[in-house]
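S.K.: task: produce atomic coordinates for the following.
(chains A and B)
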2 protein chains.
Amino acid sequence: MNITPAKKLSGKVTQVLQAKGKNFVSEPVTSLPLSFGGIAGDFHEGLTRKSGGREPWYKRGTKMRNERQLSILSEEELAEIASNMNLDTVDAGWIGANLVFEGIPNLSYLPARTLIMFGNGTTLRIDGYNAPCRLAGGSISKHIGDSAEDHTRTDTALKFTEAAHMKRGLVAWVECEGEIRVGDEFTARVWDQWIYDPA
Amino acid sequence: MNITPAKKLSGKVTQVLQAKGKNFVSEPVTSLPLSFGGIAGDFHEGLTRKSGGREPWYKRGTKMRNERQLSILSEEELAEIASNMNLDTVDAGWIGANLVFEGIPNLSYLPARTLIMFGNGTTLRIDGYNAPCRLAGGSISKHIGDSAEDHTRTDTALKFTEAAHMKRGLVAWVECEGEIRVGDEFTARVWDQWIYDPA
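M.R.: Residues are numbered from 1 along each chain as shown, chains lettered A, B, ... in the order given. So this is what the prediction gives:
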């Protein structure tokens, strides 16, 4: 197996958002205070969570450690998603982002275990790619004003899954507690990589 | 970027060990009771841990979430390490294993985020490769009876780092609580993979 050596990249936070309500839709805030349970008061806060449709191998509602505390998008990929959907813009909050980054090419391809390290000591650890789902597509459909009883079944919602393929960003958990604000710069540390080959 | 599709593998637990003392050396036990903090009573138990030499980017002793709750080795790689060191055997407990698996080729190359799922609902999530260190090499040196004041500086200890290159297994954390015993079978779920390329 060929090992691709570790690398470092630099990026910047352009948006900081929190899901304050009873679903994943998030709104801009001044800062994100982060504990080991994630974002204080956020819809996704918790050291553990209940399994859902993303984990078909568990009975729905199984208690599991919460590796999906934060959703991270990139400005560059968000613009591509909008363009692929023939929309002027897709608001990061519509699809539940907590952080939007700029400066990391192909953010969605950052591998699992990558560290996102901020100057103030706050560190996030990337769990991995966040595959697009119909709920997020439905939220876009609702926000752009599609008329439908069930927005997760509109053309917009269906289009999202394809438009956001490998552009829907990452999920991460808190490795070191702290705070993140708009304008913060960070270093992404990507570990050695290889493709697993059982042979 | 080329995406290598997800795959599933099957394996079996051949040894179950716990570090009951004040260091990482582990000894055989009947079963591992696992909570979200890891192995109850183990040297590495904790929802959080203090950073050490493996995290040179943090001040030593920084409080961080504990992604290294369990150490996993493979029988096949352990035999190769012993052979590379011209030893008859390297005991899994000398280097602090909690689990030894058989049947997963190139176990050490299993990528971060891989799920290790047991029939009783217990699941581990792989943080990633556990690079060999001089402390583990020193422990082997001590156990085979090298005469030295500082076993981490013996030829044996130095040889270990090279002999165990990409064979020293994985670290993991508990995704779903439960219990693991010798003879348990599991499925390893490897996610889609790619090599991150910023270009």
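S.K.: phi first, then psi, for the most centrally placed residue in chain A.
M.R.: With distances taken as Cα atoms, centre = their mean, the residue of chain A nearest its centroid is A:S71 (2.6 Å). Torsion angles at A:S71 (phi, psi; degrees, to the nearest 10) stand at phi -110, psi 130.
S.K.: was I right to think A:Y129 contacts A:A172?
M.R.: No. Using Cβ atoms under 8 Å, A:Y129 is not in contact with A:A172, being 11.1 Å away. (Glycine included, C-beta is placed from N, CA and C.)
S.K.: out of the two, which sits in the more crowded spot?
M.R.: Each of A:Y129 and A:A172 has its neighbours counted (other Cβ atoms under 10 Å in any protein chain shown); A:A172 has more, 27 against 23.
S.K.: sticking with the more buried one, tell me its helix or strand.
M.R.: strand A:170-176 (DSSP states H and E).
S.K.: A:W94 reaches A:V25, doesn't it?
M.R.: Yes. With contact defined as Cβ under 8 Å, A:W94 reaches A:V25; the gap is 6.5 Å.
S.K.: buried set for stretch A:101-113?
M.R.: Within stretch A:101-113, the residues scored as buried using 16 or more other Cβ atoms under 10 Å in any protein chain shown are A:101, A:103-104, A:106-113.
S.K.: ends of that stretch, what's the gap?
M.R.: Its start and end residues considered, stretch A:101-113 measures 18 Å (Cα to Cα, to the nearest Å).
S.K.: ok, and what's touching that stretch?
M.R.: Residues outside stretch A:101-113 that contact it (Cβ atoms under 8 Å, 6 or more residues apart in numbering or on different chains): A:9-14, A:72-77, A:125-130, A:166-170, A:186, A:188, A:190-191, A:193, B:1, B:111-113, B:127-128, B:191, B:194, B:196-199.
S.K.: now a PyMOL select for only the buried ones of those.
M.R.: Here is the PyMOL selection string for the buried members of these, based on 16+ other Cβ under 10 Å:
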select buried, (chain A and resi 9+11+13+14+72+73+74+75+76+77+125+126+127+128+129+130+166+167+168+169+170+186+188+190+191+193) or (chain B and resi 111+112+113+127+128+191+194+196)
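S.K.: which neighbours does the helix or strand where A:F186 lies have in its sheet, and in what orientation?
M.R.: Following DSSP H and E, the helix or strand that holds A:F186 is strand A:185-190. Sheet pairing of strand A:185-190 (DSSP bridges) gives strand A:7-18 (antiparallel), strand A:115-118 (antiparallel).
S.K.: who's in contact with stretch A:177-190?
M.R.: The contact list for stretch A:177-190, computed with Cβ under 8 Å, 6+ apart, reads A:6-16, A:30-36, A:99, A:101, A:104, A:110-111, A:114-123, B:57, B:63, B:196.
S.K.: quick one: average confidence on it?
M.R.: Averaging pLDDT along stretch A:177-190 gives 98.
S.K.: now do the buried residues in that stretch.
M.R.: For stretch A:177-190, a neighbour-count test (16+ other Cβ under 10 Å) marks A:177-178, A:180, A:182, A:184, A:186, A:188-190 as buried.
S.K.: likewise for stretch A:46-61?
M.R.: Buried positions in stretch A:46-61, judged by neighbour count with 16+ other Cβ under 10 Å: A:47, A:49, A:51, A:55, A:58.
S.K.: which residues does stretch A:53-67 contact?
M.R.: Under the criterion Cβ under 8 Å, 6+ apart, residues A:37-38, A:44, A:46-52, A:127, A:131, A:133, A:171, A:173, B:36, B:115, B:117, B:121, B:123, B:125, B:173-177, B:189 lie in contact with stretch A:53-67.
S.K.: and A:E175, how far is that from A:Y58?
M.R.: A:E175 is 24 Å from A:Y58, where distance means Cβ to Cβ, to the nearest Å.
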